[in-house]
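Asks: A structural model of the following input is requested.
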Amino acid sequence: MNGYQDIANAILARIHSGELRPGAQLLPVRAQAQAAGVALATAVRAYAWLEQQGLVVAERGRGTFVRDQGACRNDALVQTAGATPAIDLSFNSPTVAGQEEMLRQGLRNLASAGDIASLLGSVPQGGTLHQRALAARFCSSAV
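Replies: Here you go, the predicted model:
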């Protein structure tokens, strides 16, 4: 294995094959780097990519664990490491005519809600109850 994509894709394949089941603990990052014969930073990047994709969750002091994908599975969202995303979310700029006004109005609504401080704080792992309810509703309609 040469890069983070190789490590991430190998773990991704093990998750999709069922070899790594939800709740399974991945090797510690240092052990993964040693096993793959790569620098520690490369293994860290692979684990970070897996976490960004929602495939694993890292718990400080405990390790990195495979997340349960059965709750909300949409194969259209599955990518391989290094692949060009279908939708680039790395830029926060409108891409469709009229979105500027929708964004402006949405930000006005947020500002007038009166609880900006709650938006700036950290969110509990797994999201708030409201966010979890929205995700559950989305997942149930996506099936």
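
Asks: Would you map the helices across this structure?
Replies: Assigned by DSSP state H, the helices in the chain fall at 4-17, 29-36, 40-52, 99-112, 116-120, 129-142.

Asks: closest one to G61 among the ones you listed?
Replies: G61 sits nearest to helix 29-36 of all the helices of the chain, at 13.1 Å, using CB to CB. From N, CA and C alone the C-beta is placed, and that goes for glycine too.

Asks: Throw the helices of the chain into TSV and include mean neighbour count, thanks.
Replies: TSV is the format used below for the helices of the chain (neighbours: other CB atoms under 10 Å):
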stretch	mean neighbour count
helix 4-17	18
helix 29-36	16
helix 40-52	19
helix 99-112	11
helix 116-120	9
helix 129-142	11
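
Asks: ok, for R30, nearest residue in space, not its chain neighbours?
Replies: Of all residues not flanking R30 in the chain, L40 sits nearest, at 6.2 Å (CB to CB, 6 or more residues apart in numbering).

Asks: Next up, the contacts around that neighbour.
Replies: L40 sits next to V29, R30, A33 when contact means CB atoms under 8 Å, 6 or more residues apart in numbering.

Asks: So which of those is the closest to Q99?
Replies: V29 (38.9 Å).

Asks: Distance check, the closest residue to R132 other than its chain neighbours against P22.
Replies: Once flanking residues are discounted, R132 sits nearest to G126: 6.6 Å by CB to CB, 6+ apart. Applying CB to CB, to the nearest Å, the value for G126 to P22 is 14 Å.
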